[in-house]
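S.K.: Fold the following.
(chains A and B)
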Amino acid sequence: MRALQADGWSRLTHVARAWPTIQQIAFSGMVAYRAEMIIWVLSATLPLVMLSLWNSAASGGPVGGYDQVDFARYFAVNLIVRQLTGSWIVWELNWNIRKGELSPRLLRPMHPLVFNLCETLAALPFRAGILFPLVGALAAWRPELLFMPSGEALAAFSLSLLLSFVLAWLIQAIFGMLAFWFDQSMGFWSAWFALWSLAAGYFVPLDLFPEGWVDFFRCLPFYATLGAPIDILLGRSAVGANLAFQAGWTLVAGGLATAMWRAGIRRYGAVGA
Amino acid sequence: MIEVAGLCKTYRVPVRTPGLGGAFRSLFSREVKEVHAVSDLHFRIAAGERVGFLGPNGAGKTTTLKMLSGLLYPTSGTLKVGGFVPQERHPSFLQQITLVMGQKQQLLWDLPAIESFELNRAMYGVELAEFRRTLDELVAMLRAEPLLQKPVRNLSLGERMKCELIAALVHRPSVLFLDEPTIGLDVEMQVQVRQFIAEHNRSTGATVLLTSHYMQDIAALTPRLLIIDQGRLRYDGDLEALSREVAPERRVVIRSMVPQLLPLGFLPQGDGMVATVPAGETNALIQRTLAVAPLVELGVEVPPLEEIIGRVFREGRPRSEA
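M.R.: The predicted structure is shown next:
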């Protein structure tokens, strides 16, 4: 067992064997940081704030085709997608590259990005534990938002959610890796996040934008990370086109992340010590 | 086991003049200075050797260790460790090596140390039974049993270093790169760590390349020395030979004043006398001294290692046995 084979299958087996331990230790870490983690997770509950605003706006009648129940459904699914596709890799990479903390991770026989992916997945039960009571409270406040999607819609939503998760994680990794070149990549990330909040459907459903803009925004990676799965579940956009754009952007981001890692690691200064 | 040929590493470091003016100028013209951290380094280390890597601050020791462990890409030159090119960071290469950095830690700060060891077990794919056996051995050698369940943040510096060593060795690497492993430790802890490294080398046959500013580490652990200064190798050979070459004289010290010994070259010093002679003539002088004053109490002093190394740095002698 000691000599790990280098081929891809062997690496995959290695990750699979290490997985339960990584999950368990990452979860222990989250429990150790529980207060900070809860605040982090709750900080991504902006959809609830937006819901209260749009709920007021729609009190006199539908806005852009959305009545109060539509807004409640939209932002409830928004909250779920946002929580289940969240990660911290941009902050971790930025910090680890600048401070030389990437070194211990580079010395282990598991790719640091794969390790981070395992850690991110380990956070999902923790996120779900905070998310479901929130959604439950929302449903108690406005029971009419509950609906039963078709089996096809649920299957398409699950696939779309998976693509959103991978794409959002890759995009964060890309911005984190900018620290190889710029020492400090969080400024770029803040600029991206501002655009994303608008164009992904985080603050407002894209349907409320002028018609030409909606089609344009639906082709962009921002929408592919959030708005696409929401609209698929709510039946508000073409499933095939959304999934195709998501898959395409995931491939582009995967290629870019791979190229950036290969180039960036040559520039890594392993500062400190 | 380790082969280094023509190794160079040049850093490009941004330079900025201080103050507001410097900050504004740096907006428009970014000045970059090249720092040659390592220049044309050549050496080979056989499997199982213990080698001390010495040099003043900024000499290029840590940069070399980082290149050997695959953290840094060399600017030019070739290096191989256990048959692998380190910067390719092949999983089988990473299984073979470990790098302990006295000022950087791999332990998980808020979790008990045992969790870091468990994580490394999973990451390195060590079987549970083998892990337990290795862990028991390491814990016993370092007397670290009481530390395993404590959160790392609650450990003292010395305790953390013990746990760092355990974390670095649970996968039984065959090459140990140790960068200042005793830095900041008290004398007793330094001795424990030295004994542990020597014992580990004896029991596993692991190759050890160690940097340290504590000459006791070097004297106790590494029969062979690589001395590097300004990125260049100044000396490669054993400690005895270096001592003979750089400090060939010995001081014969007498604890009392014996005027009859003045003709033999002794000079008064404090309450006693001292004579400095080439190392090869020490025995002859002792015999002559005892012939003149048979009851005198005498001793022979070798210049301390710090002084010998200091002379190599000051005089910049590019000497080598190899």
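
S.K.: which SS class is the residue sitting furthest away from the middle of chain B?
M.R.: The outermost residue of chain B, judged by C-alpha distance from the chain's mean C-alpha position using Cα atoms, centre = their mean, is B:Gln260 at 45.8 Å. Under the three-state scheme (DSSP: H, G, I helix; E, B strand; the rest coil), the conformation of B:Gln260 reads as helix.

S.K.: Got the confidence number for B:Cys8?
M.R.: Looking at B:Cys8, its pLDDT reads 92.

S.K.: sorry, back to before: can you tell me how far the residue farthest from the centre of chain B sits from B:Ile197?
M.R.: For B:Gln260, the distance to B:Ile197 (Cβ to Cβ, to the nearest Å) stands at 49 Å. C-beta: built from backbone N, CA, C; applies to glycine.

S.K.: How about B:Leu165?
M.R.: 8 Å.

S.K.: So between those two, which is more surrounded?
M.R.: Neighbour count, other Cβ atoms under 10 Å in any protein chain shown: between B:Leu165 and B:Ile197, B:Ile197 has more, with 26 against 23.

S.K.: and that one, what element?
M.R.: For B:Ile197, the host element (DSSP states H and E) is helix B:187-204.

S.K.: for the helix or strand containing B:Ala291, packing partners?
M.R.: Taking DSSP H and E as the definition, B:Ala291 sits inside helix B:282-292. When contacts are defined as 3 or more Cβ pairs under 8 Å, 6 or more residues apart in numbering or on different chains; DSSP states H and E, helix B:282-292 packs onto strand B:249-254, strand B:298-301.

S.K.: Identify the residues contacting that helix?
M.R.: Taking contacts as Cβ atoms under 8 Å, 6 or more residues apart in numbering or on different chains, the residues outside helix B:282-292 that touch it are B:250, B:252, B:254, B:258, B:260-261, B:264-266, B:275, B:277, B:296, B:298, B:300.

S.K.: Please apply the same query to stretch A:162-169.
M.R.: For stretch A:162-169, the surrounding residues in contact (Cβ under 8 Å, 6+ apart) are A:81, A:84-87, A:89, A:117, A:120, A:221, A:224-226, A:228-229, A:243, A:246-247, A:249-250, A:253-254.

S.K.: Kindly report the same for stretch A:40-51.
M.R.: With Cβ under 8 Å, 6+ apart as the test, stretch A:40-51 has contacts from A:71-72, A:75-76, A:78-79, A:82-83, A:86, A:88, A:126-127, A:130-131, A:134, A:138, A:202-204.

S.K.: re earlier: how many neighbours does the closest residue to the residue farthest from the centre of chain B other than its chain neighbours have?
M.R.: In this structure, B:Gln260 finds its nearest non-sequential neighbour in B:Val292, 5.3 Å apart by Cβ to Cβ, 6 or more residues apart in numbering or on different chains. The criterion is other Cβ under 10 Å. On that basis, B:Val292 has 13 neighbouring residues.

S.K.: what about the nearest residue to B:Met189 once chain neighbours are set aside, distance to B:Gly21?
M.R.: With Cβ to Cβ, 6+ apart as the measure, B:Gly158 is the residue that lies nearest to B:Met189, at 3.8 Å, once sequence neighbours are left out. With distances defined as Cβ to Cβ, the gap from B:Gly158 to B:Gly21 amounts to 46 Å.

S.K.: of the two, who's got more company?
M.R.: When B:Gly158 and B:Gly21 are compared on other Cβ under 10 Å, the one with more neighbours turns out to be B:Gly158, at 17 against 9.

S.K.: Which secondary structure state does the closest residue in space to B:Pro86 that isn't next to it in sequence sit in?
M.R.: Computed as Cβ to Cβ, 6+ apart, the closest residue to B:Pro86 that is not its neighbour in sequence is B:Gly70, at 3.7 Å. Classification of B:Gly70 by three-state DSSP places it in coil.

S.K.: Now do the phi/psi pair for B:Gly70.
M.R.: Main-chain torsions, B:Gly70, degrees, to the nearest 10: phi 90, psi 10.

S.K.: tally of neighbours for it?
M.R.: B:Gly70 is flanked by 24 other residues according to other Cβ under 10 Å.
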